[in-house]
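Participant: Everything below, folded, please.
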Amino acid sequence: MRLYVPAVLADLELPEIGPRLACAVTPALRAALPEEDEEGLELSAFLSAADLAALRLSAGSGPHRRVVLALELPASTPFTVPSADAGQDAADLGCVVGEIPATPWSALVSLHVDEPEAADAVRAALTDETAFEELAEIDLLWFDPSERASLVASSRTQG
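Facilitator: Got it, this is the predicted structure:
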């Protein structure tokens with residue numbers, strides 16, 4: 001099962017992923033978007049994870065760059081009900097499957113990260129609803145899992 005997990009750059013240094021809220025193509029998402037094909041549904045789940053990543057940034061002071069982790073986990077993965085700090089809005093999204101358990105980095109398929117130049121737009125989105133909606137127009141860059149260490153290193157130099 002393909003999952004999209006919201007994150008921040010500091011999370012890339014952790015020994016494992018999660019527990020963390022995850023988005024995926026769900027029956028609820030299919031029902032909400034009946035005209036979308038599989039690719040459109042995946043994009044919707046991905047963009048929801050990017051929005052949740054921006055919300056995670058509001059709690060921290062690190063680089064203001066959204067991160068989405070694309071994971072491949074077995075369909076039998078146990079999900080738990082989102083915790084109170086995940087926010088009720090997130091729990092109500094049709095693509096949210098719940099919180100994944102602690103997961104090894106070997107499940108990572110790809111990383112998606114805002115380019116450094118997007119930091120001002122991400123920062124503005126934290127306090128302005130229109131700017132938040134405009135974030136959907138900013139593409140995240142694709143990275144191979146093998147590039148995780150270089151992303152960590154570059155984020156340290158960018159503050």
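Participant: And the longest helix seen in the chain, what's buried?
Facilitator: Taking DSSP state H as the assignment, the helix of the chain that covers the most residues is helix 38-57. Under the neighbour-count criterion of 16 or more other C-beta atoms under 10 Å, helix 38-57 has 41-42, 44-57 buried. Where C-beta positions appear, they are placed from N, C-alpha and C, glycine not excepted.
Participant: of the residues you listed, closest to E137?
Facilitator: Lowest distance from E137 to those (C-beta to C-beta) belongs to L47, with 10.3 Å.
Participant: how about the strands of the protein, start to end?
Facilitator: Taking DSSP state E as the test, the strands found in the chain are 2-7, 20-23, 67-72, 96-100, 108-113, 141-143.
Participant: What lies in contact with the fifth one?
Facilitator: Yep, that's strand 108-113 we're talking about. Residues lying outside strand 108-113 but in contact with it, judged by C-beta atoms under 8 Å, 6 or more residues apart in numbering, are 2, 9, 12, 17, 46, 50, 65-72, 140-145, 147-148, 151.
Participant: Also the shortest one?
Facilitator: The list of residues contacting strand 141-143 from outside it, by C-beta under 8 Å, 6+ apart, reads S110, L111, H112, V113, D114, E115, L151.
Participant: isn't the fifth one right next to R123, touching?
Facilitator: No: shown here, D114 and R123 do not form a contact pair, counting by C-beta atoms under 8 Å, at 10.8 Å.
Participant: Out of these two, name the residue with the larger neighbour count.
Facilitator: The neighbour comparison of D114 against R123 (other C-beta atoms under 10 Å) goes to D114, with 25 against 17.
Participant: before we move on, the earlier item: only the buried members of the contacts of strand 141-143: can you turn that into a PyMOL selection?
Facilitator: Here is the PyMOL command that selects only those of the contacts of strand 141-143 that count as buried (16+ other C-beta under 10 Å):
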select buried, resi 111+112+113+114+151
